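Got a sequence here, can you build the structure:
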Amino acid sequence: MFRKFRFRSFVNDIPLNYKFMLIYVIGILLPILASYYLFMDRMSELIKEREEHNLQISLERARKDIHTMIDCGIAVSHALITDKLLSESMDRVYDGQLDFYSTFDDLLRHRVTSYIPTNNQIQRIGIYTDNPTIVPGGDYYVLDGTMRSSTWYKQWEAADKSLKVLAYRDQAANNRAATASYLSIIEKMDYYYAHNSYKKLVRIDFYLSRFYDVLAREKSSLELYLVNDLNQIIVSADDKYHGEVDNDYALFDISNLEEKDIHIVPIGKASYVKGWKLIGVPQETRVKQAMLSMQLYFGMLAGIITLVTSIFIYIMLRSYNYRVKRLSRHMRKVGNEKFELINIDGGQDEIGHLIRNFNMMTAQIKSLINDVYKLEIQQRSQETERIRAELNLLQSQMNPHFLFNTLNALLVVSTKNNYVEVKDIIKDLSKLLRRLLNWKDDVVTLEEEMSFTIMYLGIEKFRFRDKFEYYIDISDEAKLYKIPKMSIQQLAENACKHGIQAIEGLGCVKIRADIVSDHLRVVVFDNGRGMDKERLQEVLYHMRSEEESGGYNIGLRNVYRRLELYYDDKVKFNLVSRIGEGTEVSFEIPLQLLERRLEKGGFDDGI
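Now for the predicted structure:
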């Protein structure tokens, strides 16, 4: 059975660095690329629309300029055919050359050329007539057989129209042996019927360079072709004047340009330019350059944005990935019981808080483990001290069984002879020795500890007689708490041994135990000779030293060490002494560290 697919679990299984890469690719890079693609597609359409509009403007501007030049030529032609004086002069029969020259000088010399300065597209103007009395020359020509056999005349005559715009190839005006291309307006002068005795024609030749200049001006946008009604290319921006070679005008072959967006506009609606058109082929390089420029600009912009976002996501990824890896590595170390802290600047974000919490947890675990180890060491040290104390006690006894047998023999003799005082002392000494040799219960109540201490002090009283006194002041509440065995007896023994024996007068030992500020306070005071500051510092040094003192103040050091092992640094141990005044030894233990016997016989763990 297939396990149900859970998208959240799938996402949670992806490593953090891959998650950031997916966030970057899907959330940033893909939107940038999609936006770039859609934007480029839209901008391409706008650029094409703009270029198309520019092409239309360019094409219309060229068409208008060409149409204007032709219309201006038509206007000049119309002005000439409606010139009544010119028509009369061309239709008049002259008596001779002198008569014609006279009329020419008076009326005809500048009558035609006066239109050229205001129409710079016009190269020349010619008046043709079959009046034989005209003397050809200047701008006036006789329509003889040679003229009638020329190309322009044949085309005009074949068109069977009084006004015609023609493109043709004929003899060059300045070189009869050569041929040249012409664009001319030819119109019949028949405006006045009264002066139609002879055929008269007006021929206006244009500068083809003016038409080329118009086409060349728009070459950056379009390749323009001026095509006549026979689909012949008259002028183009690439090959300039077609027909300058010996062959005829080239035909415009639209089949070679089917893949291109061809624009065709008629030159005008008038009959004399009917069929004439202007064909524009867009310059692909212009559109390509505009597209390339746009793609380059926005490509650089998208690249910069991608680079900036990549650097930013890398910095963010490195910040998270580096700290998470460090955290993971230290967690593995914790699994191998290596509690090392992460020593980096974790920051103030969630990972930073996690690192700080990890450091706190690691430090606490390390501290707890150290405390456990330390407690074990203390317990072992305590056991060692107990064994050492037991051995010292055993070593101080020549033969415990021999002592007990001897004490029992003395007890029998004292009983037979009714030595009551001696008998009691022997009983107390026997009990005391048995207690010293019995380490089963290492912790006893203060009441029990004091009972054995009183036994010891009774023996010392028997020993010193009237030179020794002792006083006990124990509160009822203090009796219920348990302390390490021999904690008070050894202090009392130390007071008798080092204090009372050294004075001549009455020796006194006072023992006081009570509850003060949630502490059990025990004080042992003797009025012995005391110690000076140097001696006191020496005793304190040997008491607190980790090394054995070699029998020097063993009892005092044993009590201090055992209390320290049991209660760590929570116990307060004080030693005060003055020369001639005596010595006071005291210790205070927090009640919360002590076991307490209930008054009915049970125990609790403290207050």
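
how near is His330 to Lys338?
According to CB to CB, to the nearest Å, His330 stands 8 Å off from Lys338. In short, each C-beta sits where N, CA and C put it, glycine included.

Those two - which one has more neighbours?
The neighbour comparison of His330 against Lys338 (other CB atoms under 10 Å) goes to His330, with 20 against 11.

Spit out the contact partners of the closest residue to that one other than its chain neighbours.
Of all residues not flanking His330 in the chain, Ile342 sits nearest, at 5.3 Å (CB to CB, 6 or more residues apart in numbering). Each residue near Ile342 by CB atoms under 8 Å, 6 or more residues apart in numbering is listed here: 326-327, 330, 355, 358-359.

mind checking the SS state of Ile342?
coil (DSSP: H, G, I helix; E, B strand; the rest coil).

State the phi and psi torsions of it.
Taking degrees, to the nearest 10, you get phi -90, psi 110 for the backbone angles of Ile342.

That one and Ile351: what is the separation?
Relative to Ile351, and taking CB to CB, Ile342 is found at 11 Å.

Kindly report the same for Asp170.
93 Å.

Identify the residue nearest the geometric centre of this structure.
Geometric centre of the chain, nearest residue: Phe312, 2.7 Å, by CA atoms, centre = their mean.

which SS class is that residue?
helix.

Can you give the contact residues for stretch 128-136?
Here stretch 128-136 has contacts from 90-95, 97, 100-101, 104, 140-144, 147, 197-203, using CB under 8 Å, 6+ apart.

residue ranges of the strands in the stretch 451-600 of the chain, please?
468-474, 482-484, 507-516, 519-526, 572-578, 582-590, 596-597 (DSSP state E, counting those that start in this stretch).

And the ones you listed: which comes nearest Ser58?
Among the strands of the stretch 451-600 of the chain, strand 582-590 comes nearest to Ser58, with 104.8 Å by CB to CB.

Name all residues that make contact with Ala502.
So Ala502 contacts 528-529 (CB under 8 Å, 6+ apart).

Kindly list the longest strand within this protein.
Counting residues, the longest strand found in the chain (DSSP state E) is strand 175-188.

Please name the strands paired to that one in the sheet, noting orientation.
strand 163-172 (antiparallel), strand 200-206 (antiparallel) (DSSP bridges).

winner for burial among those?
strand 200-206 (a mean of 23; mean count of other CB atoms under 10 Å).

one step back: show me the contacts of stretch 128-136 that map onto helices.
Members of the contacts of stretch 128-136 lying in helices (criterion: DSSP state H): 90-91, 97, 100-101, 147.

ok, so of the residues you listed, who is nearest His519?
Met147 (148.7 Å).

Once you drop chain neighbours, what's closest to the closest one?
Per CB to CB, 6+ apart, closest to Met147 is Tyr153, 6.0 Å.

Ok, Pro484 next?
The shortest distance from Pro484 to any non-neighbouring residue, by CB to CB, 6+ apart, is to Arg562 (5.0 Å).

From what I see, the one you found and Ile483 are in contact.
No: counting by CB atoms under 8 Å, Arg562 sits too far from Ile483 to count as a contact (9.6 Å).
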